[in-house]
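just coords:
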């Protein structure tokens with residue numbers, strides 16, 4: 001994230017007087033200090049307090065009431081209102097940490113991907129890997145991503161045709177597992193902050209998803225959840241699948257909340273909102289929540305051997 005003074009200058013350049021600030025959960029505690037700084041600079045400031053899960057989740061209902069919406073922590077996914085300003089939150093690390101991953105690589109020419117927090121370091125990572133005897137290949141990602149950047153719902157940067165192995169640099173296992181399932185290639189994940197590396201094994205994830213499909217098989221009614229958020233609406237796909245199952249009903253929601261799913265009372269759901277909801281939040285939901293691919297498996301339209309991770313177009 002650039003300095004607050006630079007942000008204030010950008011707002012003045014846009015002749016913005018009223019500003020809304022939107023933060024993902026991990027950065028919300030910065031809201032107060034940034035709001036006070038901008039207020040001191042003469043801006044009228046509103047902080048968006050609702051949950052925010054990505055650039056696909058813009059506070060669109062606030063935009064008509066302000067001159068600018070500053071969205072922190074994410075990069076644009078395309079099609080945003082011209083009032084929106086994206087403030088990324090880059091996190092640096094010592095490129096020497098890459099040497100922790102090299103012994104696990106079986107190839108000397110690999111694909112390299114990372115997340116928005118580290119994408120500014122991609123050129124430096126490529127250079128460091130070259131010094132370590134590894135040629136790193138990158139490509140521009142999908143959904144507005146930069147060179148080498150993947151999202152939890154878009155792994156376009158990992159689809160590098162002439163490599164057999166991918167090095168993921170970032171925290172957590174969801175992104176590298178998604179890269180593994182999206183590309184079918186061997187993936188080594190390096191956590192640059194912890195300094196640890198491991199080969200990604202997707203088997204536990206697949207066993208859990210297989211069990212979920214089997215749990216949903218006895219359901220006699222399916223709710224096909226469509227999000228009304230700015231970058232998550234996949235109504236056409238939901239309607240297409242609903243037309244192939246007489247017991248499927250499309251349900252439009254803004255916030256996919258466990259209590260609301262409980263109130264709706266469907267014995268099983270299919271998620272067309274943010275793909276990570278079905279994967280990350282299953283334990284919070286009162287019923288199985290499948291991905292579109294998993295629903296096709298349940299309908300007998302594809303085999304589990306052709307499982308695909310859910311990605312947004």
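Structure received. In this text, all values refer to a predicted model and were calculated from it rather than measured experimentally.

which ones are touching residue 233?
226-227 (C-beta atoms under 8 Å, 6 or more residues apart in numbering). Where you see a C-beta, it was placed from the backbone N, CA and C, and this is true even at glycine.

Residue 95 contacts residue 126, correct?
No - with contacts counted by C-beta atoms under 8 Å, residue 95 stays clear of residue 126, the gap being 9.8 Å.

Let's check: the centremost residue of this protein is which one?
residue 152 (2.9 Å; C-alpha atoms, centre = their mean).

contacting residues for it?
Residue 152 neighbours (C-beta under 8 Å, 6+ apart): 54, 174-175, 178, 274-276.

Then residue 80?
55, 58, 230.

end-to-end on stretch 219-236?
Its start and end residues considered, stretch 219-236 measures 23 Å (C-alpha to C-alpha, to the nearest Å).

Does residue 185 touch residue 166 like I think?
Yes - when contacts are counted by C-beta under 8 Å, residue 185 is listed as touching residue 166 (5.4 Å).

Now for those two: what residues contact both?
With C-beta under 8 Å, 6+ apart as the test, residue 185 and residue 166 both reach 111, 158, 179.

which one of those sits closest to residue 135?
residue 111 (10.3 Å; C-beta to C-beta).

So what's the residue count around the closest one?
A count of nearby residues for residue 111, using other C-beta atoms under 10 Å, gives 26.

Report the buried residues of the strand or helix carrying it.
Using DSSP states H and E, residue 111 sits within strand 109-114. Using 16 or more other C-beta atoms under 10 Å as the test for burial, strand 109-114 gives 110-114.

for the contacts of residue 152, which one is nearest residue 242?
residue 275 (18.2 Å).

Tell me if I'm right that that closest one and residue 312 touch.
Yes - using C-beta under 8 Å, residue 275 is in contact with residue 312, at 6.6 Å.

what about those two, which has more around it?
residue 275 (23 against 19).

wait, residue 84 sits on residue 76?
Yes - Residue 84 is within contact range of residue 76, at 7.5 Å (criterion: C-beta under 8 Å).

average model confidence for the strand holding residue 111?
The pLDDT scores in strand 109-114 average 98.

now what about that strand, what contacts it?
By C-beta under 8 Å, 6+ apart, strand 109-114 touches 121-122, 125-126, 129, 134-139, 141, 148-150, 155, 157-158, 160, 163, 165-170, 179, 185, 188.

Which of those residues fall within strands?
Per DSSP state E, strands hold the following members of the contacts of strand 109-114: 135-137, 165-169, 188.

Filter those residues down to the buried ones and hand me the PyMOL line.
With 16+ other C-beta under 10 Å as the criterion, this PyMOL line picks the buried residues out of the ones in strands among the contacts of strand 109-114:
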select buried, resi 136+165+166+167+168+169+188
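
Contact partners for residue 68?
So residue 68 contacts 11, 14, 16, 18-20, 83-85 (C-beta under 8 Å, 6+ apart).

And residue 20, how far from residue 118?
27 Å (C-beta to C-beta, to the nearest Å).

Appreciated, that's everything.
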